[in-house]
Each structure stands twice: as C-alpha cells, then as structure tokens.
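> Here is a sequence together with a model predicted from it:
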Amino acid sequence: ASPDSIRPYVGIACLTDSRLEGYLFAIEPDQGRYSIERLTSDPLTHTTLTVGRDVESVRPGGRTNVIRGECRAGAADTALAMYVNGRLVTTTTDEHGSNAFVGMALAAGGETSRVEGWFDNALMERLNGDLETTGSPEGG
C-alpha cells in the first residue's frame, strides 16, 4: 500500500530531479506505521519498498516526530535508511535507484479530505556524494 491508499501521512523525500522522482520516507503517526516509497512521475505513483509498524518510535496524536531519510546512490543499487525520532526503523535497497540526488521535498497526504502536518525545520546534507534529509513534522 502506498501512503496515498492508507491513512493520513507526513514525510520527507530525496529527489533525483525536478519531476518529483525519488524516495518518500512517510509515517502515519496515529497508526505507528512507517514506509519507504519509490516516487515516479508521469503520472505520480508510489511503489512501496518497505513498510512496518513501530509504536515505540512513531509518536501519535499531533506530537512532534523527527524523520530522517538517507538516500545513498550506488553504481548498482540505491541504499535507503529511515530513522524516526533517532531510531533506525528500516533499511532497504532499490535496484531501480538513482545515481544522484539533487533535492528534497516535504509531504502530507492520504485518502481523507484534510491532512495536517507542520514542519518546523528541514535539513538536507550531502554525505560523501549522497543525500540525507531530516524533517520534524507535527500532526498527521
């Protein structure tokens, strides 16, 4: 299930280009769920790479969550890691990955007509040619 087919989510993304392609690191705070999704454009679609539940790491009820996504481009695969509130919750690789990341995005969505997420800060750092994004959304 992609975040668009599940409950309200908030997240951050590593982008490969200006067409909104890359990887989304999303949480559903009230369900304690997290996922890493591959984003492709034309049309915009999400492909689930990994999904799980960690009620100890993902804070519910509009509380602050810090999401950290690491996108490490490689010659063959892209390595991805997701942290929620300082705790590593999942890692995966994608053989259809990118060899470069150029930006980040903040995201909120889901099937409901209204999703709220507030981002009080966002940070993008280049780590040895790779991209790390961190966001602190509240709500969900």
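Now that the structure is in, tell me what you want to look at. None of the values given here were measured: they were computed from a predicted structure.

> Work out for me the element the residue positioned nearest the centre of the chain sits within.
The C-alpha lying nearest the average C-alpha coordinate of the chain belongs to F25 (C-alpha atoms, centre = their mean; 1.1 Å). With secondary structure defined by DSSP states H and E, F25 is part of strand 22-28.

> So what touches that strand?
When contacts are defined by C-beta atoms under 8 Å, 6 or more residues apart in numbering, strand 22-28 is touched by residues 3, 6-16, 33-39, 46, 49, 58, 65, 67-69, 71, 78, 80, 82, 84, 94, 98, 101, 105, 107, 110, 133, 137, 140. In this view, the C-beta of every residue, glycine as well, is placed from N, C-alpha and C.

> Can you list the low-confidence ranges for the chain?
When the per-residue scores of the chain are filtered using pLDDT under 70, the ranges that remain are 1-7, 18, 112-114, 126-140.

> relative to its centroid, which residue of it is most remote?
Here, in the chain (C-alpha atoms, centre = their mean), the farthest residue from the centre turns out to be A75, at 22.1 Å.

> give me the number of residues near R63?
The local packing of R63 (other C-beta atoms under 10 Å) involves 12 other residues.

> which SS state does it fall under?
coil (DSSP: H, G, I helix; E, B strand; the rest coil).

> Tell me how far it lies from V10.
The spacing between R63 and V10, counted by C-beta to C-beta, to the nearest Å, is 12 Å.

> How far does the helix or strand I36 falls within sit from its chain's centre?
In this structure, I36 sits in strand 33-40 according to DSSP H and E. In terms of C-alpha atoms, centre = their mean, to the nearest Å, the centre of strand 33-40 is found 6 Å from the chain centre.

> counting contacts, what elements does that strand pack onto?
Contacts defined by 3 or more C-beta pairs under 8 Å, 6 or more residues apart in numbering; DSSP states H and E place strand 33-40 against strand 9-15, strand 22-28, strand 45-53, strand 78-84, strand 87-94.

> for the ones you listed, which one sits closest to M124?
strand 9-15 (8.5 Å; C-beta to C-beta).

> tell me how far that closest one is from the chain's mean position?
Counting by C-alpha atoms, centre = their mean, strand 9-15 is centred 4 Å from the centre of its parent chain.
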